[in-house]
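Student: below is the sequence, then the predicted model.
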Amino acid sequence: MKILCWLIFTGLNFWLLFFFTKKFERPVLLKIFAWGIPALFVIALAIILLIGVTKLPTGDIFEFFFFSSIFALLVVLMINLVNQFFFYMVDTVVSFHQKNNTANLDRQPVKFLVSNQDTLKRAATIIWFLGSALMLYGIWLGKK
């Protein structure tokens with residue numbers, strides 16, 4: 001069951017990083033991921049308070065899956081937020097150099113950045129995904 005949860009959250013993060021981000025503009029994505037983090041905490045707190053008020057019995061299994069899910073969603077949201085912020089930084093630096101530094105566009109390292117910005121974004125996204133897969137592995141399968 002833990003392996004299935006790891007696969008689900010890793011697949012969710014893969015979909016968010018590589019497919020979901022192509023459907024929306026960056027400002028919308030930044031708002032979704034940035035507001036998703038505090039919303040996640042509010043929802044988790046509401047569930048915890050609801051369980052406390054209603055005195056529903058919870059066991060170790062529920063607590064493990066509940067808190068692991070919260071942490072996994074937090075990792076997914078933060079990785080996607082950082083990825084979008086990285087895209088924003090690359091685009092900002094490239095547009096700055098194209099507008100204000102045209103005389104040096106053919107010199108390194110500006111030339112490398114301008115000509116390889118899509119490759120840099122793709123490589124960073126792959127690195128974020130692999131790192132998040134490792135973090136999610138630790139959340140779901142690292143506990144005994």
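Tutor: Arrived safely.

Student: neighbouring contacts of the helix or strand of the chain with the lowest mean pLDDT?
Tutor: For the chain, counting by mean pLDDT, DSSP states H and E, helix 110-115 ranks last in confidence among helices and strands (a mean of 86). Helix 110-115 is contacted by residues V90, V93, V94, H97, Q98, N101, N104, L105, L120 when judged by C-beta atoms under 8 Å, 6 or more residues apart in numbering. The way it works is simple: take the backbone N, C-alpha and C, and place the C-beta from them, glycine included.

Student: now do the buried residues in the following helix or strand past it.
Tutor: The helix or strand immediately downstream of helix 110-115 is helix 117-141, counting by DSSP states H and E. Buried residues in helix 117-141, counted by 16 or more other C-beta atoms under 10 Å: A124, T125, W128, F129, S132, A133, M135, L136, I139, W140.

Student: need the contact partners of helix 117-141.
Tutor: The contact list for helix 117-141 (C-beta under 8 Å, 6+ apart) reads 2-3, 5-6, 9-10, 13-14, 17-18, 68, 71-72, 75-76, 79, 82-83, 86-87, 90-91, 94, 113.
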